[in-house]
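Visitor: Just need the structure, nothing else, for what follows:
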Amino acid sequence: QVQLVELGGGLVQAGGSLRLSCAASGRPLSSHAVGWFRQAPGKEQREFVAAITRGGGITDYADSLKGRFTIARDDAKNTVYLQMNGLKLADTARYYCAAGIGRWYERFNSYEYGYSGQGTQVTVSS
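Guide: Below you'll find the model as predicted:
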């Protein structure tokens, strides 16, 4: 079992930056690819944001976020990060990390992951 806790959300002005952390406990996070998702107010589905493979050799991003968001991992700290720059009002959402997919091609769908945290709220103001 892996327990995930997302940290680092908050209120930020448009154009600002935040770094989210996904801290794991239980089994090592290094065994898993990790994804970040977000769910905006009123939306039923969680939107894929980014994912990173075991070892961090491959990353992937939602097309609309490339160039602004960066995912990275520090397995020594059992943590995955999401650096978010140039934040926009449309980035307002609850952000979740997830781990435990069987195959890399499953990374886009939150329901494919075996483990997920409770999320952290990111609110971007004008």
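Visitor: Please enumerate the helices of this protein.
Guide: Using DSSP state H, no helices are assigned anywhere in the chain.
Visitor: Show me the contact partners of whichever strand in it runs longest.
Guide: Longest among the strand segments of the chain by residue count, using DSSP state E, is strand 18-26. Outside strand 18-26, the residues that touch it by Cβ atoms under 8 Å, 6 or more residues apart in numbering are 1-10, 12, 29, 34, 36, 77-84, 87, 95, 97, 99, 117, 120, 122. All C-beta atoms are positioned from the backbone trio N, CA, C, and that covers glycine.
Visitor: what pLDDT does residue 56 get?
Guide: According to the prediction, residue 56 has pLDDT 86.
Visitor: Setting aside sequence neighbours, what's the nearest residue to it?
Guide: Computed as Cβ to Cβ, 6 or more residues apart in numbering, the closest residue to residue 56 that is not its neighbour in sequence is residue 73, at 4.8 Å.
Visitor: what distance separates stretch 82-101 from the centre of its chain?
Guide: Centroid separation between stretch 82-101 and its chain, computed with Cα atoms, centre = their mean, to the nearest Å, is 5 Å.
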